[in-house]
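Participant: I need the structure of the sequence given here:
(one chain, ligands or ions: 2)
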Amino acid sequence: MQTQQQTILVTGATAGFGKAIAKLLVSQGHTVIGVGRRQAKLDELTSDLETESGQFIGMACDISDISAIQPMLDKLNSEHGDSMPIDVLVNNAGLALGTEAAFETKLDDWMTMVDTNIKGLIALTHAILPDMVERNSGYIINVGSIAGNYPYFGGNVYGATKAFVRQFSLNLRADLLGKNVRVTNLEPGNVGGTEFSVVRYHGDTGKANKVYEGFESMSAVDIADIVSWLIHSPAHVNVNTLEVMPTAQTFAGLRIAKNGDKDV
Ligand code: NDP
Ligand code: 8X3
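Facilitator: Ligands and ions are numbered 1, 2, ... in the order given. Predicted structure coming up:
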C-alpha cells in the first residue's frame, strides 16, 4: 500500500471523472494538478477543495494544442518551484463527438478526437515520462474505454482513438522494462452523470440523458475509487489493463443483414 503524499497530474479535471478523481485524491492528502480548458471551473474546484488535507492546483491548458503543453508545465514549475516532480499522470481528458456511421460524420469531429484523445495524451506523456524514468519512480494511468476493445455502431474514430490509447499503454510497459514506472489502461464502459454524452451529442441534453435511462450506469465516483485504488496499490504491482462496466451492460453481439436488408 502506497501511503505517502503524492503529486498527481490529472487532465480533464474540470468535469466528470477528472473532477471526481481530483476531489477524492485531494481529500486523501495528495497534491493534484488539475488540467482543463475552463479556467472558471478550475477556480471553482480550487476554492471547493481549500479546506481539504491535500492541495489542488489548477492549470488551464488545451491539450489538443500540443504547443501549449510544455509552456503549461514550465508555468507550473515556475509558480510552484522546480521541485514539482509528478509522481502520477492520469491522462483522462478526452471526448467523443458524434454517434453517426462513419460515412455521415464531420471530418472536423474526427480530427478533434484524434488531436485530444491521441495527440494531447502522447504529448503530455512525452513531456513527463523522462523525469519519471530518471527518478526511477512513477505511474501513468491512461483512461481508455471499452470502445477501444469492442466495435459498435457510431464508435468509428472515438473507439479507434481508445484502441490507440490501449496499445500505447501496453507499448509503454514494454519500453519501461527494468524501470520502476507503472502504466495502466483503465477501460470503463458506460458512466453517467458526466458531460461525456452532452459533448458527444453536441449539446443536445435530451439525447444525452436518454443514454442513461432505464438502468444503473456507473458514476464518476466509481471511477475515482478505482483510480485511487490503483494509485495506492503496492509499487511492485502493475495492473496492465482494467476493464469495468455497469452490471447492466454487456458486449455487443455480431449482426447479419439478412435478405439484402440495408436498413439495419
Ligand atoms: P467529461 O466530458 O465529463 O469530461 C471531459 C474532461 O476532459 C473535461 O474536464 C474537459 O475539460 C476535458 N477536456 C476535453 N477536451 C480537452 C482539451 N482539449 N484540453 C484539456 N482538457 C480537455 O467526460 P468524462 O469524465 O465522462 O470522460 C473522461 C474520460 O473518460 C474521457 O477520456 C472519455 O473518453 C473517457 N470515458 C468516458 C466514459 C463515459 O461513459 N463517461 C466511459 C469510458 C471512457 P474542459 O472542457 O474544461 O477542457
Ligand atoms: C465511453 C463508453 O460505451 O459510451 O467511452 O463508448 S461508450
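
Participant: leaving aside the residues adjacent along the chain, what's closest to the one residue in the stretch 1-150 of the chain that gets nearest to ligand 2?
Facilitator: Closest approach between the stretch 1-150 of the chain and ligand 2, counting by C-beta to the nearest ligand atom: S145, at 3.1 Å. Where C-beta positions appear, they are placed from N, C-alpha and C, glycine not excepted. In this structure, S145 finds its nearest non-sequential neighbour in K162, 4.1 Å apart by C-beta to C-beta, 6 or more residues apart in numbering.

Participant: so is the helix or strand containing the one you found next to ligand 1?
Facilitator: Taking DSSP states H and E as the criterion, K162 maps to helix 156-175. No - Helix 156-175 is not in contact with ligand 1 by C-beta under 6 Å from any ligand atom; minimum separation 6.8 Å.

Participant: which strands or helices does that helix pack on?
Facilitator: Under the contact criterion of 3 or more C-beta pairs under 8 Å, 6 or more residues apart in numbering; DSSP states H and E, helix 156-175 touches helix 107-113, helix 121-135, strand 138-143, strand 181-188, strand 241-244.

Participant: now the ones you listed in CSV, with distance to ligand 2 and mean pLDDT?
Facilitator: Converted to CSV, those look like this (distance: least, C-beta to the nearest ligand atom, whole Å; pLDDT from 0 to 100):
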stretch, distance to ligand 2, mean pLDDT
helix 107-113, 11, 98
helix 121-135, 14, 98
strand 138-143, 9, 99
strand 181-188, 7, 99
strand 241-244, 11, 98
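
Participant: was I right about the residue of the stretch 1-150 of the chain closest to ligand 2 contacting P188?
Facilitator: Yes - S145 is within contact range of P188, at 6.4 Å (criterion: C-beta atoms under 8 Å).

Participant: those two: who's more crowded?
Facilitator: Higher neighbour count among S145 and P188: S145, with 27 against 21, using other C-beta atoms under 10 Å.

Participant: which residue sits closest to V32, ignoring its sequence neighbours?
Facilitator: Nearest non-adjacent residue to V32, counting by C-beta to C-beta, 6+ apart: A22, 4.6 Å away.

Participant: OK, contacts around V157?
Facilitator: Shown in contact with V157 (C-beta atoms under 8 Å, 6 or more residues apart in numbering): A102, T105, D109, W110, M113, V114.

Participant: cool, A13 as well?
Facilitator: Applying C-beta under 8 Å, 6+ apart, we find A13 in contact with K19, I21, A22, V32, G34, V35, G36, L42, L45, G58, N92.

Participant: what pLDDT does it get?
Facilitator: What the model reports for A13 is a pLDDT of 98.

Participant: quick check: phi and psi at it.
Facilitator: Dihedral pair for A13: phi -90, psi 0, per degrees, to the nearest 10.

Participant: can you name the residues of the stretch 151-264 of the chain that neighbour ligand 1?
Facilitator: Proximity of the stretch 151-264 of the chain to ligand 1, by C-beta under 6 Å from any ligand atom, involves residues P188, N190, V191, T194, E195, F196, V199.
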